[in-house]
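*Asks:* Starting from these lines, generate the structure:
(2 chains)
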Amino acid sequence: MKRILSVIVLLALCIMQGCVKDQVMTRTTVYRPVYKTKEEVRANIKSSSPIELTAPGKLFYKDGYVFLNELNKGVHIIDVRNPSAPANIAFVHVPGAVDLAVRGNILYADMYTDLVAIDITNPQAVQLKTVVPGVFPDRVYYSFVPDKQMIITEWIAVDTVLRDSETISWGMMKSDVVLMSASSSSSAPGVSNGTGGSMARFALSDDRMYTVDHSTLKVFNTTIPEKPVYVKEMSAGGWDIETIFPFGKNLFLGSMTGMHIFDISSKDNPFRTGSFTHARVCDPVISDGKNAFVTLRNGSKCAGFINQLDVVDISDLSKPKLLKSYPLTNPHGLSKEGDVLIICEGSDGVKFFNAADVNNIKQLAHVKGMKAFDVIALGKIAMVSAEDALYLIDFSVPSNPVVKGSVSIKN
Amino acid sequence: MLGTGEINAQQKHWKPWLIPEAGIMLGSTTLDRDFRLNTGVEKKGLLLGLGAAVDYYRFESYPVYFQARKTFKFRKVNLFVMSSWGYNIKSGSVAEFSWWGGRTITKQYSGGVYGEIGGGNIIRIRKKERLQLSVSWVMKAVEESFQSEIWNPVNQSPRTITNLNRYTMNRTALRVGWKF
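*Replies:* Here you go, the predicted structure:
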């Protein structure tokens, strides 16, 4: 009898074991991609009358116009020739655009994994000139494999219920998207380059465009502006590359763990001359030729716990060394015009410094009331990309900067 | 003294009973323990009562439940079947450090359904004491809510969202109880 009982108990255990699985139902929000074919996407590259700014990204300046990226949608063209009355004059639809540069009358932008060259001679009727396909393959989404034949044109937030999964798809969380994109200075005869912000990932120098992504530096020949030609790619000297800034015959690459300097005397063969390392943080970098100015910022994407300005002596490009650090609140993009150093401090606005003596940088003014991300300073006007507007700040008197005009952003 | 005990199926009046139990919970995630105290009244082999437990499986929680047991004899072996249904009490919050951005995530907890179906063997120890060995399917539910950030690919910035995890833990329980 006891044997029978034991068998019954064992049978019961076996039967029940089949239904003793732990289950979890997760209610959360994920972003789902919306796909289009490449043909459909290219057909949609066109200009239109200006649209409202809603999610601005990188900015670029050329000849009195600011080109402001609308994340993943295109580029706003804003006439800032009169800083007191900036005018949003057109919008160029470039699906997937995150980074941009302007050389001559040609706008370069990334269209997901492709580079596009668009003639903007007439901003109201732009023309797609060249598509360099697949040059930004690293535009990936961790834990998510996009369809190779199609392009993601939109992301839709969906409240969803996931069953029997202990983990949410972190593919659509914080660390997801690795994108690419930088700035400019000199030019070939007859064709001039624009100027980018410090957060840029596209950089124009003479007749070459350099782009950075997570770990690579790419070279494009833009001798014929409307026909950019992919030349080569190389290691960017490290991981987590975020920004690129051209100055003279050098490129300054900002990464989450340091700054890398590349010599571009040989245009198509950049080589790394030196690096400066720091704790893991976000760090746009600019240079005035003598020193490099690196802002270090913590935050969810950047990790780290530092918010400061590092001034790095680059007199010896092979051995950049830290001169001095200055504490900041939440530094983002920065720009330098003459002795005036301008730093965007996130929700703490914009700060103006006297950087004539890099060992004794002093704050001159603090413009509050805006969440500032990036800045381009030219002449006496600082073009500040903020959460609620593109601001034009006159800093003729650096100790008393004045907001001359703005183009509002619809949040 | 150990052996099969007689069950008083002819009992005419409700009589109180008390069964403390200790169990091992076998689930798909881990193995843990619970302790229960059941009490009630019985008549003619039907035991009706209430119980409370400490269940350590994954989330320490405190089920309270109604319980019914029916004893019977099968080929001279004293057996019983039982079922318990109630609420699994779980409350409070736990702060967990997330390396991502150096944030601390606070998880809030609440309870859910508690249920059990099972049976076992009754072994007579003394005149009014019985050892009860049982095997049962036990389910408890716990809700966990917390805020996290996801990357918003549209405007390239983090977005704070609220997540809700509803856990349903189905286990096999092997218990030993002492009936007074």
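*Asks:* Who are the contact partners of residue A:293?
*Replies:* The neighbourhood of residue A:293, defined by CB atoms under 8 Å, 6 or more residues apart in numbering or on different chains, consists of A:285, A:286, A:287, A:309, A:310, A:311, A:312, A:334, A:336, A:341, A:355. Just so you know, the C-beta spots here come from the backbone N, C-alpha and C atoms, and that holds for glycine as well.
*Asks:* So which of those residues sit within strands?
*Replies:* Residues of these located in strands (DSSP state E): A:285, A:286, A:287, A:309, A:310, A:311, A:312, A:334, A:336, A:341.
*Asks:* Identify all residues paired with residue B:129 through a beta bridge.
*Replies:* Residues in a beta bridge with residue B:129, per DSSP bridges, are residue B:126.
*Asks:* Do a quick rundown of the strands in the stretch 101-250 of chain A.
*Replies:* A:106-111, A:114-119, A:127-132, A:150-163, A:195-196, A:202-205, A:208-212, A:216-221, A:229-235, A:241-247, A:250-255 (DSSP state E, counting those that start in this stretch).
*Asks:* Adding mean neighbour count, write these out as JSON lines.
*Replies:* JSON lines is the format used below for the strands of the stretch 101-250 of chain A (neighbours: other CB atoms under 10 Å in any protein chain shown):
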{"stretch": "strand A:106-111", "mean neighbour count": "26"}
{"stretch": "strand A:114-119", "mean neighbour count": "23"}
{"stretch": "strand A:127-132", "mean neighbour count": "17"}
{"stretch": "strand A:150-163", "mean neighbour count": "15"}
{"stretch": "strand A:195-196", "mean neighbour count": "26"}
{"stretch": "strand A:202-205", "mean neighbour count": "28"}
{"stretch": "strand A:208-212", "mean neighbour count": "26"}
{"stretch": "strand A:216-221", "mean neighbour count": "20"}
{"stretch": "strand A:229-235", "mean neighbour count": "14"}
{"stretch": "strand A:241-247", "mean neighbour count": "26"}
{"stretch": "strand A:250-255", "mean neighbour count": "26"}
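*Asks:* Nearest approach to residue A:80 belongs to which of these?
*Replies:* If you check each of the strands of the stretch 101-250 of chain A against residue A:80 by CB to CB, strand A:195-196 wins as the nearest, at 12.4 Å.
*Asks:* what's that closest one packed up against?
*Replies:* When contacts are defined as 3 or more CB pairs under 8 Å, 6 or more residues apart in numbering or on different chains; DSSP states H and E, strand A:195-196 sits against strand A:56-62, strand A:202-205, strand A:372-378.
*Asks:* out of those strands, which comes closest to chain B?
*Replies:* strand A:56-62 (6.5 Å; CB to the nearest CB).
*Asks:* so how far is the helix or strand just after that closest one off the chain centroid?
*Replies:* Note on strand A:56-62: by DSSP states H and E, the next helix or strand toward the C-terminus is strand A:65-70. On the basis of CA atoms, centre = their mean, to the nearest Å, strand A:65-70 sits 13 Å off its chain's mean C-alpha point.
*Asks:* now the angle from strand A:65-70 to strand A:372-378?
*Replies:* 160 degrees (axes from the mean of the first three to the mean of the last three CA atoms, to 10 degrees).
*Asks:* Give me every residue in chain B that's in contact range of chain A.
*Replies:* Applying CB under 8 Å from any CB of the partner chain, one finds that chain B approaches chain A through B:26-29, B:58, B:75-77, B:99-103, B:119, B:121, B:135-137, B:148-156, B:158-159, B:161, B:163-172.
*Asks:* Select from those every entry located in strands.
*Replies:* Using DSSP E, the residues of chain B next to chain A in strands are B:26, B:77, B:103, B:119, B:121, B:135-137, B:148-152, B:158-159, B:161, B:163-172.
*Asks:* What subset of the residues you listed is buried?
*Replies:* By neighbour count, with 16 or more other CB atoms under 10 Å in any protein chain shown, these hold B:26, B:77, B:119, B:121, B:135-137, B:148-152, B:158-159, B:161, B:163, B:165-172 as buried.
*Asks:* Just read off the phi/psi values of residue A:42.
*Replies:* Torsion angles at residue A:42 (phi, psi; degrees, to the nearest 10) stand at phi -60, psi -40.
*Asks:* shaky segments in chain B?
*Replies:* B:1-11, B:98-102, B:154-156 (pLDDT under 70).
*Asks:* for it, what spans make up the helices?
*Replies:* Counting by DSSP state H, one finds no helices in chain B.
*Asks:* Grab the nearest non-local neighbour of residue 26.
*Replies:* Looking at chain A here, since you left the chain open. Leaving aside its sequence neighbours, residue A:26 sits nearest to residue A:162 (CB to CB, 6 or more residues apart in numbering or on different chains; 4.4 Å).
*Asks:* switch to chain B, that's the one I care about
*Replies:* Nearest non-adjacent residue to residue B:26 (CB to CB, 6+ apart): residue B:172, at 4.5 Å.
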